[in-house]
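Peer 1: no sequence for this one, just the structure:
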């Protein structure tokens, strides 16, 4: 008997069955796979100067006007006057008010429609808890993987179908250059929820006012709820809507989630928010916001009070200016990367309304392109397939990086694809 | 037609059905009810000096050795060298290592068994996501409401049964003075999970080594998973186990969740952890830790890096001493309150191993006692029924409060019950 079998035989197992939803994940988890390949690459080339333009992680310092507010709040917590314990799970009142007035002024969104959170990803899961396992969902393909993953966790999906690289029971809305990265809604089946990210991660495409008006009408015709992820809205260059609530009637069919992560470099500080308008009702007339509030109170205890102090500083006039400066820096990076690939003859998308550049390698497997770039020039990107089947044939290059790394990566891309 | 009916008729409703699990909550949500009664009381007596010994919210400043670490980390985030973006969702390595060595030294718990979080309540929900909707659960009655609430959210329970004040499909393990606040396990039905809080919130009772050995054996016999909440372990005066992992064999049947909230006044800063030993396996041999890791990566992005810097300072020698000082202060409060009620002739439990005093009012409705205390002496407590049917006839008085408030409340209790 092999030692492995011996161990197999003796290891105690509980009698608790593994959650079938968790078992569905298996083959489709891209980020650890990227990390695995990166680590293997570093083992193979220990002296390589690897540049990471993969995972969209901010790299530039947080402006001092913001960190000094967090310092002050930290210090205040050591004083009798400045100490605070549990805050409202929905967020501190001044921050909720500042989010409402900064991002939703004149849109009819009120302070109590805003739920402050520890980030949009976390709120997406909490929203799925509200919806439960019986709803059906539609999602842009490609898009941020958390929408589909949280749906799998909740048991909304069927098994993963390896041949088409899709989970069963999800409506994938393909977004390609051919349809201008906006789905042909005539071909989209009715679902209970529609997850829609604009500006889109990874394509960088921002929906126009006309397209969003179509989307809201589509949701209204179908009685669907849109979960609109606007985490990159401040990166927009054109004058299309920054919020779904700019579209008349959206408050009756949409939730919006957003984040300070990419605006203020808060990926590690953790702060976001979700807007659930009180006008949004389930089919029995019960307000969605009431159930979301219940989930927030039951499964969450509010974002860190220090992070919230930082968020409030972000929304001061100086904070807003500082955030725009950081965003401009990353957008210049995006411009450099987009120009590099364009000058090499690639079809390049994104970069103008989002910190991501989406590059077409027609007919090629995105994993092959990923491997080629990593192997030959030591740059980590993300294969488009990681964002859903609609991403095949593309890679995403992130504009988050120090300028020297972005310039160096550009030089290497020029060497590789000249 | 009344204006209400007109509004009914015209309000747009989506066609998304409300999640049936959310609808189960209805009648059984105690904390907003307490807040509602407190607000009504303040309206009735606008000049009353209400003292809150209800919600267990810390009141004393965070020791400077801890806040100064958070200040420094905040400041560092504004520098190129000190900036960090996304950290590991499982927590920063030095903090995981410090938690392992501080709380689990020589218990065979390793750094990678520790998952840092934004609080035990949040981790309880994430654990329920791991388990899914098909498991059955047992819970101490009385106990912290988040266990049952998160089970309801996940759809593990049947409807709420108003007559017995229980959710269907949950095994309530009654803990009373008669059984020394430890359930008679011969009468407990087999369930997949067993939520066990020791020192218990609200009773303040800490299980003995012998009792915990029984509990682990019970779990092993039944193939159950214990979720052990040790959030008050540092409050223990006696020498019973601080961790379930002090019991031989526990790593094969138990998860432990804990928190900095009540040790360092981090209720607003948000920091906790959960230990999922790699030896804990589902019935098919799949490690529970792998699925928990997946949930942490999918539904969470890590605790705030500033809070984690605070946590690391908590576990320095100076930090540990400072935490013990704060804990001693609250325990003195608990002693004052326990002595007050004892001297008035009440049977009083808790207070020695936890910051809660659990007072018996035999034969009385705990809501009636709550109302009496609020109405007559303007002190907010918590009616025991809020922690489950096993809490009827008791009220919980929290020892979190400034000393002058605790002394004043004691005087008022003496007036009321002399």
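Peer 2: Thanks, I have the structure now. Remember, predicted model here, so these are calculated numbers, not experimental data. Numbering: from 1, shown residues only, chains lettered A, B, ... in the order given.
Peer 1: got a list of what residue A:98 touches?
Peer 2: Listed by CB atoms under 8 Å, 6 or more residues apart in numbering or on different chains, the contact set of residue A:98 reads A:311, A:312, A:315. In this view, the C-beta of every residue, glycine as well, is placed from N, C-alpha and C.
Peer 1: got CSV for those residues, with secondary structure and pLDDT too?
Peer 2: CSV is the format used below for those (DSSP: H, G, I helix; E, B strand; the rest coil; pLDDT from 0 to 100):
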residue, secondary structure, pLDDT
A:311, helix, 98
A:312, helix, 98
A:315, coil, 98
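Peer 1: How about residues contacting the host helix or strand of residue A:373?
Peer 2: In the assignment (DSSP states H and E), residue A:373 maps to helix A:366-377. Applying CB under 8 Å, 6+ apart, the external contacts of helix A:366-377 come out as A:34, A:37-38, A:41, A:361, A:379-386, A:391-395, A:409, A:412-413, A:415-416.
Peer 1: Among the residues you listed, which are located in helices?
Peer 2: Counting by DSSP state H, these place A:34, A:37, A:38, A:41, A:409, A:412, A:413, A:415, A:416 in helices.
Peer 1: re earlier: are any of the contacts of helix A:366-377 buried, and if so which?
Peer 2: A:34, A:37-38, A:41, A:361, A:379-386, A:391-395, A:409, A:412-413 (16 or more other CB atoms under 10 Å in any protein chain shown).
Peer 1: Now do the contacts for residue A:355.
Peer 2: Contacts of residue A:355 (CB under 8 Å, 6+ apart): A:56, A:204, A:232, A:235, A:262, A:330, A:331, A:333, A:334, A:398, A:399, A:400.
Peer 1: from those, which single one is nearest chain B?
Peer 2: residue A:400 (7.8 Å; CB to the nearest CB).
Peer 1: measure that closest one to residue A:320 for me?
Peer 2: 20 Å (CB to CB, to the nearest Å).
Peer 1: got it, and residue A:254?
Peer 2: 24 Å.
Peer 1: Looking only at neighbour counts, state which of these two leads.
Peer 2: Shown here are residue A:254 and residue A:320; by other CB atoms under 10 Å in any protein chain shown, residue A:254 has more neighbours (28 against 16).
Peer 1: thinking residue A:218 is in contact with residue A:188, fair?
Peer 2: Yes. With contact defined as CB atoms under 8 Å, residue A:218 reaches residue A:188; the gap is 7.4 Å.
Peer 1: The stretch 51-200 of chain A: strands as residue ranges?
Peer 2: A:51-52, A:114-117, A:137-141, A:160-161, A:166-167, A:170-174, A:193-197 (DSSP state E, counting those that start in this stretch).
Peer 1: Compare those and give me the one nearest residue B:110.
Peer 2: Residue B:110 sits nearest to strand A:51-52 of all the strands of the stretch 51-200 of chain A, at 28.0 Å, using CB to CB.
Peer 1: Show me what the mean pLDDT comes to for the closest one.
Peer 2: In this model, strand A:51-52 has a mean pLDDT of 96.
Peer 1: Residues touching it, excluding its own?
Peer 2: A:38, A:378, A:379, A:380, A:401, A:405, A:408, A:409, A:412.
Peer 1: give me every residue that touches the third one.
Peer 2: The neighbourhood of residue A:379, defined by CB under 8 Å, 6+ apart, consists of A:50, A:51, A:52, A:53, A:373, A:409, A:412, A:413.
Peer 1: Could you do the second one as well?
Peer 2: Shown in contact with residue A:378 (CB under 8 Å, 6+ apart): A:41, A:45, A:48, A:49, A:50, A:51, A:412.
Peer 1: Buried among these? Need that as a selection in PyMOL.
Peer 2: Buried members of those, defined by 16+ other CB under 10 Å, are picked up in PyMOL with:
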select buried, chain A and resi 41+51+412
